[in-house]
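In: following is a predicted model, sequence given first.
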Amino acid sequence: MSISRRHFVGIGAGAAAGLTLDRQARAEVIERSTGSAADFAGRPVVIASANGIRGVARAYDMITKQNADTLDAIIAGVNIEELDPEDQFVGLGGLPNEEGVVELDASCMHGPTRRAGAVGAIQDIATPSNVAKAVMDYTDHVMLVGPGAKKFALQMGFKEQNLLTEKSRQDWLRWKACLNPNDNWLDNPGIREPAGKLAYDHPLHVKFTTGTINMNAVNARGDVSSVTTTSGRSWKLPGRVGDSPIIGAGQYCDNTVGAAGSTGRGEANIKVCGAFLIVEFMRQGLTPEQACLRTIERVVAMTETRLLDRNGRPLFDLEFYALAKDGRIGAASAYEGGHFAVADASGARLVPMAFKYTKAERPVMPEISCRPA
């Protein structure tokens, strides 16, 4: 694909802000895929993981007040977290891999055009969701990874920057000191334990944290889009890619049915193609919530023994989010206590998620100190 430098310059900040599709071309595709507005009238709604509460509000306003495309709107929504250095699980300030390098993953899908884009293990670019959309808009590919993804982003005018904040660096040093009681790293009690929405014990007794943002939207004419972005598992092996950039796992949408996405242990979700499975369950007639719960069951059934407790319950959590073309929504997690973000005519708010196991059934994960007593 040949794009002149003048075209790159013309894209400039627009690339980083969203790389919107040509409105006329998009309208033609929408007309073919969904018919005229008179043929369908639904309920505009945006949903996301709980950390997307600010983002769903922004996306909903863009869709309902600015007539923004659903994908443009939700990418603007997740950009809030990607650019927030206080969010250690997405974009700038994300917790790094085991070598102290921040690697990001993201993917997006646009229902009306049936197109998708993704990037994996990209470094030094704070908004991988925008780069994923650029892959979708400007190439004949679906996914770019590693150095190739970064090179493409720079060509498209994205800004290179150091993503490792001092807060995340200190957390990485704390983890590194805890690796081996006989290593050459000194313990530093002033360095706090990393905070996360989920912490679980690795078989090697190393604490990992996970965090991701998934966002899905539908407008009044029934057009859906989805996006997922993450810094992935903290302290991961360099080059590790989770479910977030995988179309059909971290997110998926079908403009005739709806959209879905996930957060949590990506390795477990990849094996069941969770987002795709949810959409297919909805196609068969299940509600969004029922589809999410059914997919949780499939995840548990596909989980290897080392990651299950003695009662067959997972030693990790996984959350799914879904919306139907007509505006129905639902979400579910493996364990009780989760919430997801919703924005509709009633405003932006957090809503409890359905669950498969109660709090009482959650396995007790022992805390492991940095050094043996």
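Out: Nice, thanks for sending it over.

In: how near is residue 362 to residue 318?
Out: 13 Å (C-beta to C-beta, to the nearest Å). For the C-beta atoms, the positions are set from N, CA and C on the backbone; glycine is no exception.

In: the more surrounded of these two?
Out: Using other C-beta atoms under 10 Å, the more surrounded residue of residue 362 and residue 318 is residue 318, with 28 against 18.

In: list the contacts for the more buried one?
Out: Contacts for residue 318 (C-beta atoms under 8 Å, 6 or more residues apart in numbering) come out as 262, 263, 264, 265, 268, 269, 274, 296, 299, 333, 334.

In: okay, and the beta partners of the first one?
Out: Applying DSSP bridges to residue 262 gives these bridge partners: residue 320.

In: oh, and call the first residue 580 from now on, that's how I've got it
Out: Let's use 580 as the start, then, which means that last one is residue 841.

In: so it touches residue 900, yeah?
Out: Yes: assessed by C-beta atoms under 8 Å, residue 841 is found in contact with residue 900 at 7.2 Å.

In: any shared contact partners between the two?
Out: If you check residue 841 and residue 900 against C-beta under 8 Å, 6+ apart, the residues they both contact are residue 793.

In: what about residue 901, how many residues nearby?
Out: For residue 901, the count of nearby residues is 34 (other C-beta under 10 Å).

In: which residues are in contact with it?
Out: Residue 901 makes contact with 626, 795, 837-840, 857-858, 861, 867-868, 870-871, 908-910, according to C-beta under 8 Å, 6+ apart.

In: out of the residues you listed, which comes closest to residue 734?
Out: Within the contacts of residue 901, the smallest distance to residue 734 is 28.0 Å, found for residue 840 (C-beta to C-beta).

In: what sits against that closest one?
Out: The neighbourhood of residue 840, defined by C-beta under 8 Å, 6+ apart, consists of 793-795, 805-807, 829-831, 854, 899-901.

In: where's it relative to residue 653, distance?
Out: Distance of residue 840 to residue 653, given as C-beta to C-beta: 10 Å.

In: now for those two: what residues contact both?
Out: Residues touching both residue 840 and residue 653 (C-beta under 8 Å, 6+ apart): 794, 795, 805, 806.

In: most neighbours of all the residues you listed, which one?
Out: residue 806 (37 neighbours).

In: which SS class is it?
Out: On the three-state scheme (DSSP: H, G, I helix; E, B strand; the rest coil), residue 806 is labelled strand.
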